[in-house]
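Engineer: build me a model from this:
(chains A and B)
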Protein chains: 2
Amino acid sequence: MGNCVNVALDAMGGDNAPSEIIKGAVDAVKDQDNVRVFLTGRKDVIEAELAGYDYPRDRIEIVEASEVIEMGESPVMAIRKKRDSSIVVALNLVKDGKCDAFVSAGSTGAVLAGGQLLVGRIKGVERPPLAPLIPTADGVSLLVDCGANVDARPTHLVQFAKMGSAYMKYAMGINNPRVALLNIGTEEEKGNALVKETYPLLSSSTDINFTGSIEARDIPQGGADVIVCDAFAGNVALKMYEGVGKVLLSKIKGALTANLKTKIGALLIKDTLKSTLKEFDASQYGGAPLLGLKGLVVKTHGSAKAGEVRNSIIQCITFKEQDVNGKIREYLDL
Amino acid sequence: MGNCVNVALDAMGGDNAPSEIIKGAVDAVKDQDNVRVFLTGRKDVIEAELAGYDYPRDRIEIVEASEVIEMGESPVMAIRKKRDSSIVVALNLVKDGKCDAFVSAGSTGAVLAGGQLLVGRIKGVERPPLAPLIPTADGVSLLVDCGANVDARPTHLVQFAKMGSAYMKYAMGINNPRVALLNIGTEEEKGNALVKETYPLLSSSTDINFTGSIEARDIPQGGADVIVCDAFAGNVALKMYEGVGKVLLSKIKGALTANLKTKIGALLIKDTLKSTLKEFDASQYGGAPLLGLKGLVVKTHGSAKAGEVRNSIIQCITFKEQDVNGKIREYLDL
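Structural biologist: Residues are numbered from 1 along each chain as shown, chains lettered A, B, ... in the order given. Here you go, the predicted model:
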């Protein structure tokens, strides 16, 4: 138990809270011996949910938090005012060293603001980026930044590249990760002002494997392991990735159930198609880490179900065991 | 013949030039009675290609152009130096009033630069945006800007909204087109500096139907008819849209041909699936217009085949017949 990774989990955040969140916690502690989960939220609600499960009771704890930060609230205000919210209580567990990591499917803004205000940045980190993993044709890529810094500066992007390299190498086991700069063409003179200023800085960074610019078109193919961008461009890329997938798959589903003939065809291809499409299921990798904080903060989709919550908790184990934060410090020369 | 729309077509530009380009021209004039195509490029090459077709000879003309602008060349330099290139010769046909429109699958940069330098902006237009149509779950949307103005200003985006509205209403027949601002959330306070400054300007524009912010995720669903953004964000959105579609479809294709069982299944669903996916084929709408120029300039994909070229030529007919440029002037109060 002494070697357990302690994860604070926001039991009240997300579209499927608390039931799917709590199920994810139960699945995680049953699946992994070395993790303990601290569920923050309304004790009575959490206890009622947990009553339905059989699980190692010494590895799930409830920490009372009477308030919930809603999606529409101003993030910074909510973090400051709702001291007894499930997010703030959980973040304080990380701040106080009782927990190693925090996972939430709640308000992205509140998680980002709270992570910075309460857990705090590693000294020397200018801006902590939100870095989701997205499945590609031949693996998975890290998109840094996707939500934290909409008006980023070139030096921020250089730090993103280094922190992303550390994450992909040590948390994901990718040797010498290829770093690319999100751009609208692959020629060096292309891009907006930010990209043009960032390109030479990345080019001259000897501690990362910078491979040049990447167009968004080549991301789903797996053109790079770490894709560096400001949060506005990253968010557009990420959400378009998700949106196209969703619409295409629903159209294909419609075609498969169009008539008796296609329904029979669908039966024959169902299993193979399912396992193919599973490769593109981002939830298998857990949530998006907010890199560069003193502890690990992971934001899962608002729509996360138990599987994604479980995977996000398991993700925290690797992060701790591989000492990714120590590696981030090394990459940043801190 | 007097009422013909005259289209200058770059016979030498694009991955499949000249054969697919010339086939597209032949298909267009056979399909539509009121269009005449001026093919610019090497006369001997074009003549040899045309020899294989039967078509109304009075509606395809060859205009000799001895040079070709290559993809890697600096656009502005190439336009200035290669006076006898297929792109410059074609653009001069529009400039001189001999043609109404120009279509090219060649270098995007050269087409954009040449369009502005040779054809010229409508007086009062600050920046002409490149505005591709992208298929959605329930129709088609216009993404303005996707390639011309990477560091745009708020007033540019307001003009994009107005020009886009004119295009969707008169060229595409969409009544009261919904205009949305590409953003990373739907709340008004979200966004980068550009978006935050642009939002109130669009809100107070009474001549457009502004519906607020749109996240990239909602674009493929058809969340707006005109999506306004700077060219960097637009290019990322467009290329991610294309990239995800390509990878997903190739994965699905792989699943369908995985084994005998799935191959039989594939036979049963093939026709229905094909017609479903056809709805998502951007080439059915032709190329991307560069809005706000004195004539129409249309950029098709570098990989365009005959079908897309034909549709791009046909697109020019509607543009001229509906006097979209006149409508753009009205929308902009010019």
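Engineer: care to break chain A down by domain?
Structural biologist: Annotated domains of chain A cover A:5-125+A:292-323, A:130-282 [automatic domain parsing].
Engineer: which of the ones you listed sits closest to B:Gly191?
Structural biologist: domain A:130-282 (6.6 Å; C-beta to C-beta). To be clear about C-beta, it is placed using only N, CA and C from the backbone, and glycine gets the same treatment.
Engineer: how long is the closest one from one end to the other?
Structural biologist: Distance across domain A:130-282, first residue to last, is 15 Å (C-alpha to C-alpha, to the nearest Å).
Engineer: the residue nearest to A:Met168 when sequence neighbours are not counted and chain B, how far apart?
Structural biologist: Of all residues not flanking A:Met168 in the chain, A:Pro177 sits nearest, at 4.0 Å (C-beta to C-beta, 6 or more residues apart in numbering or on different chains). Here A:Pro177 is placed at a distance of 20 Å from chain B (C-beta to the nearest C-beta, to the nearest Å).
Engineer: neighbours around A:Pro177, how many?
Structural biologist: Residues lying near A:Pro177 (other C-beta atoms under 10 Å in any protein chain shown) number 22.
Engineer: and what of A:Met77?
Structural biologist: Count around A:Met77 with other C-beta under 10 Å applied: 12.
Engineer: pLDDT score for it?
Structural biologist: Among the per-residue scores, A:Met77 holds a pLDDT of 94.
Engineer: tell me the SS of it?
Structural biologist: helix (DSSP: H, G, I helix; E, B strand; the rest coil).
Engineer: so who does it touch?
Structural biologist: By C-beta atoms under 8 Å, 6 or more residues apart in numbering or on different chains, no residues touch A:Met77.
Engineer: which one is the residue nearest to the spatial centre of chain A nearest to, not counting chain neighbours?
Structural biologist: Nearest residue to the geometric centre of chain A (C-alpha atoms, centre = their mean): A:Ala288, 0.7 Å. Leaving aside its sequence neighbours, A:Ala288 sits nearest to A:Pro132 (C-beta to C-beta, 6+ apart; 3.6 Å).
Engineer: tally of neighbours for that neighbour?
Structural biologist: Count around A:Pro132 with other C-beta under 10 Å applied: 26.
Engineer: surely it touches A:Gly286?
Structural biologist: No: counting by C-beta atoms under 8 Å, A:Pro132 sits too far from A:Gly286 to count as a contact (9.6 Å).
Engineer: mean pLDDT for the domains of chain A: which is lowest?
Structural biologist: Averaging pLDDT over each of the domains of chain A puts domain A:130-282 lowest, since it has a mean of 93.
Engineer: for chain B, see how far away the residue nearest to A:Ala288 is.
Structural biologist: When A:Pro132 is compared with chain B (using C-beta to the nearest C-beta), they lie 13 Å apart.
Engineer: tell me the contacts of that residue?
Structural biologist: Contacts of A:Pro132 by C-beta under 8 Å, 6+ apart are A:142-143, A:146, A:238, A:282, A:287-288.
Engineer: which among the residues you listed gets closest to chain B?
Structural biologist: A:Leu238 (7.7 Å; C-beta to the nearest C-beta).
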